[in-house]
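[1] Got a predicted structure plus its sequence, pasted below:
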Amino acid sequence: MPTADTAINILAQFTIPGEVRSKKNSRQSASGQYVRSSKAHQKWESGAIAYLMQWRGRNRGEDRENAISIYTELWRGTEGHYDPDNMGTSVLDAMVASGIIPRDGFPLVYCTRTRHAGIDRENPRAEVTIYSGDDGPEYGLEITDLGDTERVFQNMDGATARRPFPRVEDALGDQDFADRSG
């Protein structure tokens, strides 16, 4: 099965640390009274925006005016019921507020996907990938040659993408690298 790193149309990838909080309670009530978001959401959002602004400063890219797709994977710190769709909206709002994207609606954003990726008690986070195009990842066939310094992928139209080789430490997992040498 193809993975995100074999997609040839990745514009950006980043991880927002911390457990994403839903902004769902930020709305007007039936009586017209404005209901503010929770303190937990406000705290998460201010941290996420600050993190994304720093990320944006280090990763200047092209202005995003052509169709994009945004995929978000949520790693929760706790088990229990939650709504990934509402949390995906919180991530999109933080991306707009930080200037990663100018707006989060059509015709710029054609497709969003938010999914539960798992439980990580030590490192809850949102992993975000932005793809060019209106339908998410476009996969390519790996055409890396012996001696290449990067992995190379090509799609049916001949377009190519380059990805760095994974680090040995990442490929082997959490166990201390020194423990594997003997």
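    Sure thing, it's come through.

[2] low pLDDT regions in this structure?
    Within the chain, the stretches with pLDDT under 70 are 1-6, 24-36, 60-64, 166-182.

[3] Tell me where it has strands.
    Counting by DSSP state E, the segments of the chain that form strands are 10-17, 27-28, 34-35, 68-76, 109-119, 125-132, 141-142, 150-154, 160-164.

[4] and the angle for the lengthiest helix in the chain with strand 10-17?
    Taking DSSP state H as the criterion, the chain has its longest helix at helix 39-58. Helix 39-58 runs at 140 degrees relative to strand 10-17, counting by axes from the mean of the first three to the mean of the last three C-alpha atoms, to 10 degrees.

[5] quick revisit: any idea which of the strands of the chain gets closest to Gly47?
    Among the strands of the chain, strand 10-17 comes nearest to Gly47, with 7.8 Å by C-beta to C-beta. C-beta: built from backbone N, CA, C; applies to glycine.

[6] Show me how far the closest one is from its chain's centre.
    4 Å (C-alpha atoms, centre = their mean, to the nearest Å).

[7] partner residues bridging the closest residue to Thr160 other than its chain neighbours?
    Distance criterion C-beta to C-beta, 6 or more residues apart in numbering; nearest residue to Thr160, sequence neighbours excluded, is Gln154 at 4.8 Å. On DSSP bridges, the residues paired with Gln154 through beta bridges are Leu141, Thr160.
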